[in-house]
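> sequence first, then the predicted structure:
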Amino acid sequence: MFSRLLSYLQLAAAYIRLNLNAHLEYRGAFFTQMVAMLLNNLVWVAFWGLFFTRFPVLRGWTVQDVITLWAIAGTGFGLAHTVCGNALQLSSLIVQGQLDVWILYPRALLPHLLLGRMNAMSWGDLLFGYGVYLFFVKPDLVHLALFTGLTVSVAMLFVGFNVLTGSLSFYLGNSEGLTQQWRNAMLTFTTYPATLFEGTVKLLLYTLIPAGFVSYLPIEALRSLSGIHALLAVAGSTTVLLVGVAVFYHGLRRYSSGNLMQMRG
Amino acid sequence: MNSLNKYTWIGWTAARSNLAYLGEVASRGIFLFVILYIFLQLWRVTYAETNAEQLGGLTLTQMLWYLGITESITLSSPQVALEVDEDVRTGALAVQLIRPLSYPLYRLWTTLGERIVRFGVNVAIASTVALLFVGTIPLSFGGILLFLLVLPLAFVLDFLATFLVGLGAFWLENTTGLMLIYSRLTMILGGMLIPLELLPESWQPVLQNLPFASILYGPARVFVHPDLAFASELLVRQGVAIGILALLVALVYRTAVKRIHAHGG
């Protein structure tokens, strides 16, 4: 079991290195995309900065909390898709019958497939997340350690959620539009304080659009160094990941080959 | 067929082609619904916590209608830069150049055709959300007329800016990053998320005169608060910005076209 885990970690490291080298072949495009994403996120931080300049407290949340939220969401999203970039492509890979090429390898299909691609823009998210957290929030070592742990939990949540939504294509055929909409809703909700929502919407944020595991529990864990909130955040992310994996493998039974000749370069 | 007829026909064809996929266009409206709901919650809490009847001269009802219009304009934007970028990089532009029409004008009219359909659908969704959650605002025939006067100019202005970004493909490997930066600047400086009145006072004279405000803030403000003097100033600003950007497009396009190399085959 341990040696298997180690083998997959080595595989992940090898893919990260290879994918990064592939992106660095087109340095200009890679850095432009990375910087653009960094600036994109900074614009949102600027929005919140301007908002809080005018209205200092929002249901007990301050600008520090919203910056922490953006930092944790950005780092988690960045980490998820620099390592598992194919999580964002799952729907189209299924629809176009491109799983064939991955099925042929002597590796577990889902982790191998997810590791196969790196999303260049996610580097921007990753740098942005740590950058704004260190620069604006100025955490002590304990907070930084907890933040790092929670970003891994958020990354697991994003990968799990993308696998779950992408796997819809096994059941519905071309569901790229629906996957995209669902993902957009999740991303949007993860970047606004969960304290804004009540009732049914709050319930949605812990079930169908599980953004509450990014936009509330990790922030509360960091605000009050609360182990319970941190554990609940990790439990939520693990559950979403497990549901995603289960739906993927259940859906895989319905997969038929795309009859597509393809080579991986 | 005279020139105007030709281009009107191109615009009409683009609109009809979008109407044929109305379901797909409408499905993108789900995101608009989500984002407007989140904004409603954000501003509802803000108005409640500040005990304010009006913020930046707008009531909560007007604020949601304002955001509905700015979001509808933003989300109706066709991917002009991406299309121009593709035409440049794939060489498809060379084929466009042998047609008996101007490439920039062809793109302009296609964009306008697409955009009118998308904006129509978005406004229908935004109005439904606003009516459902906050009710109506007083509308007058004159106000709507003023709005319909400034809106197409906002579309033309946005087109010129995005076309210019797309032409960047002659010199850059990829213009996606540049486009992302442009759209985020428009969001903040154009008052998509916060009306300009709520931004720092010292910024306002500059922001009002930047083209971003003429694309989003201006038309939305005219819609919720019709005012002849404001609309007249806006029309002048739009006219000047269109003139300057059109000159810039002509200059860059002329320089860029000289870089085209035709290959046989």
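Nice, thanks for sending it over. Numbers count the residues shown, from 1 in each chain, chains lettered A, B, ... in the order given.
> quick one: contacts of the host helix or strand of residue B:48?
Counting by DSSP states H and E, the element that carries residue B:48 is helix B:29-50. Here helix B:29-50 makes contact (C-beta atoms under 8 Å, 6 or more residues apart in numbering or on different chains) with A:55, A:57-59, A:181, A:184-185, A:188-189, A:192, A:196-197, A:201, B:55, B:60, B:63-64, B:67-68, B:71-72, B:75, B:121-122, B:125-126, B:129-130, B:133-134. Quick note: C-beta positions are derived from backbone N, CA and C, even for glycine.
> so where is the chain shaky, pLDDT-wise?
Using chain A here. Where chain A drops to pLDDT under 70, the residues are A:258-265.
> please go with chain B instead
Using pLDDT under 70, chain B drops low at B:1, B:261-265.
> helices of that one, residue ranges please.
Listed in chain order, the helices of chain B (DSSP state H) span B:3-20, B:22-27, B:29-50, B:60-75, B:80-90, B:92-97, B:103-133, B:141-167, B:176-189, B:204-209, B:211-215, B:217-224, B:228-257.
> number of nearby residues for residue A:19?
Neighbours of residue A:19 under the rule other C-beta atoms under 10 Å in any protein chain shown: 19.
> and it, how far from chain B?
According to C-beta to the nearest C-beta, to the nearest Å, residue A:19 stands 17 Å off from chain B.
> for residue A:75, same thing?
19 Å.
> that older thread, which parts of the helix holding residue B:48 are buried?
B:29-47 (16 or more other C-beta atoms under 10 Å in any protein chain shown).
> quick one: contacts for residue B:153?
Counting by C-beta under 8 Å, 6+ apart, the residues that residue B:153 touches are B:214, B:235, B:238, B:239, B:242.
> what about the residue nearest to residue B:119 when sequence neighbours are not counted, how many residues close to it?
Among residues not flanking residue B:119 along the chain, residue B:76 sits closest, at 3.9 Å (C-beta to C-beta, 6 or more residues apart in numbering or on different chains). Residues within reach of residue B:76, counting by other C-beta under 10 Å, total 22.
> verify the contact between residue B:76 and residue B:118 for me.
Yes - in this structure, residue B:76 is within contact of residue B:118 by C-beta atoms under 8 Å, at 3.9 Å.
> got a list of what the residue of the stretch 51-200 of chain B found nearest chain A touches?
Residue of the stretch 51-200 of chain B nearest chain A, by C-beta to the nearest C-beta: residue B:177 (3.1 Å). Applying C-beta under 8 Å, 6+ apart, we find residue B:177 in contact with A:32, A:33, A:35, A:36, A:37.
> and if you look at residue A:168?
Here residue A:168 is in contact with A:91, A:175, A:178, A:179, A:251 (C-beta under 8 Å, 6+ apart).
> tell me how far it lies from chain B.
Counting by C-beta to the nearest C-beta - residue A:168 and chain B are separated by 14 Å.
> show me what from chain B comes close to chain A.
B:24, B:27-28, B:30-31, B:34-35, B:37-38, B:41-42, B:45-46, B:49-50, B:172-174, B:176-178, B:180-181, B:184-185, B:187-188, B:193-194, B:198-200 (C-beta under 8 Å from any C-beta of the partner chain).
> the same query, at a cut-off of 7 Å, please.
B:24, B:27, B:30-31, B:34-35, B:38, B:41-42, B:45-46, B:50, B:172-174, B:176-177, B:180-181, B:184, B:187-188, B:193-194, B:198-199 (C-beta under 7 Å from any C-beta of the partner chain).
> thinking again about what came up before, now the helices of chain B in JSON lines, with distance to residue A:23?
Output for those, formatted as JSON lines (distance: least, C-beta to C-beta, whole Å):
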{"stretch": "helix B:3-20", "distance to residue A:23": "35"}
{"stretch": "helix B:22-27", "distance to residue A:23": "31"}
{"stretch": "helix B:29-50", "distance to residue A:23": "28"}
{"stretch": "helix B:60-75", "distance to residue A:23": "29"}
{"stretch": "helix B:80-90", "distance to residue A:23": "18"}
{"stretch": "helix B:92-97", "distance to residue A:23": "26"}
{"stretch": "helix B:103-133", "distance to residue A:23": "30"}
{"stretch": "helix B:141-167", "distance to residue A:23": "22"}
{"stretch": "helix B:176-189", "distance to residue A:23": "13"}
{"stretch": "helix B:204-209", "distance to residue A:23": "37"}
{"stretch": "helix B:211-215", "distance to residue A:23": "32"}
{"stretch": "helix B:217-224", "distance to residue A:23": "38"}
{"stretch": "helix B:228-257", "distance to residue A:23": "27"}
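> what's the local residue count around the residue lying closest to residue B:193 once chain neighbours are set aside?
Leaving out its chain neighbours, the residue that sits closest to residue B:193 by C-beta to C-beta, 6+ apart is residue A:47, at 5.3 Å. The local packing of residue A:47 (other C-beta under 10 Å) involves 18 other residues.
> now residue B:147
Count around residue B:147 with other C-beta under 10 Å applied: 20.
> now do residue A:201 against chain B, distance only.
Residue A:201 is 8 Å from chain B, by C-beta to the nearest C-beta.
> what helix or strand is that residue on?
helix A:199-204.
> flag every buried residue along that helix.
Result for helix A:199-204 [16+ other C-beta under 10 Å]: buried residues residue A:204.
> gap between it and the chain center?
Centroid separation between helix A:199-204 and its chain, computed with C-alpha atoms, centre = their mean, to the nearest Å, is 22 Å.
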